[in-house]
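**Q** Take a look and give me a structure for this.
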Amino acid sequence: VAAVKGGELAVRGCVVEFSRTGPGAGRGGAIVNYRGDVRISRSTFRGNVAAKGVNGSATGGTDGGVVGVGDHLYHHGGTNNDPGSLWIDYDTTFDGKVHAVNQASSDQSI
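**A** Take a look at the predicted model:
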């Protein structure tokens, strides 16, 4: 699990499998980005789960007012002058599906 807060993360040619955040996390199962710059290319995400307890049940809420939950990735676009960015190429898959993103500055849940 990677958390980015105001920094940079590049994921290239990686396989990210079966990451799980615990109850109350309320964010991405594999990657959480808050005002950082994240670039993902040629990678595979499989079986990641966000904000679930040991038995797989939902937590019933999210952390810190963050409303989106992405099993693989959560990108919080932020507010004010520094929203961060997210870029995902067409060669990256999330449970077998392509979800390309070109410089998103708004919230994304994948």
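**Q** so Asp91 sits right up against Ser41, yeah?
**A** Yes - in this structure Asp91 lies within contact range of Ser41 using CB atoms under 8 Å: 6.5 Å. The C-beta positions use only the backbone N, C-alpha and C, and glycine is treated the same way.
**Q** Need the residues touching each of those two.
**A** Common contact partners of Asp91 and Ser41 (CB atoms under 8 Å, 6 or more residues apart in numbering): none.
**Q** What are the phi and psi values at Glu8?
**A** phi -130, psi 140 (degrees, to the nearest 10).
**Q** That one and His99, how far apart?
**A** Computed as CB to CB, to the nearest Å, the Glu8 to His99 distance reads 21 Å.
**Q** Neighbour count: these two, which is higher?
**A** A count of neighbours by other CB atoms under 10 Å puts His99 above the other of Glu8 and His99, at 17 against 11.
**Q** Quick check, pLDDT for the nearest residue to the more buried one once chain neighbours are set aside.
**A** In space, and not counting its chain neighbours, His99 is closest to Ile110: 5.2 Å by CB to CB, 6 or more residues apart in numbering. pLDDT, Ile110: 84.
**Q** so what's Ile110 up against?
**A** Shown in contact with Ile110 (CB under 8 Å, 6+ apart): Gly28, Phe45, Gly70, Asp71, His72, Leu73, Tyr74, Ile88, Phe94, His99.
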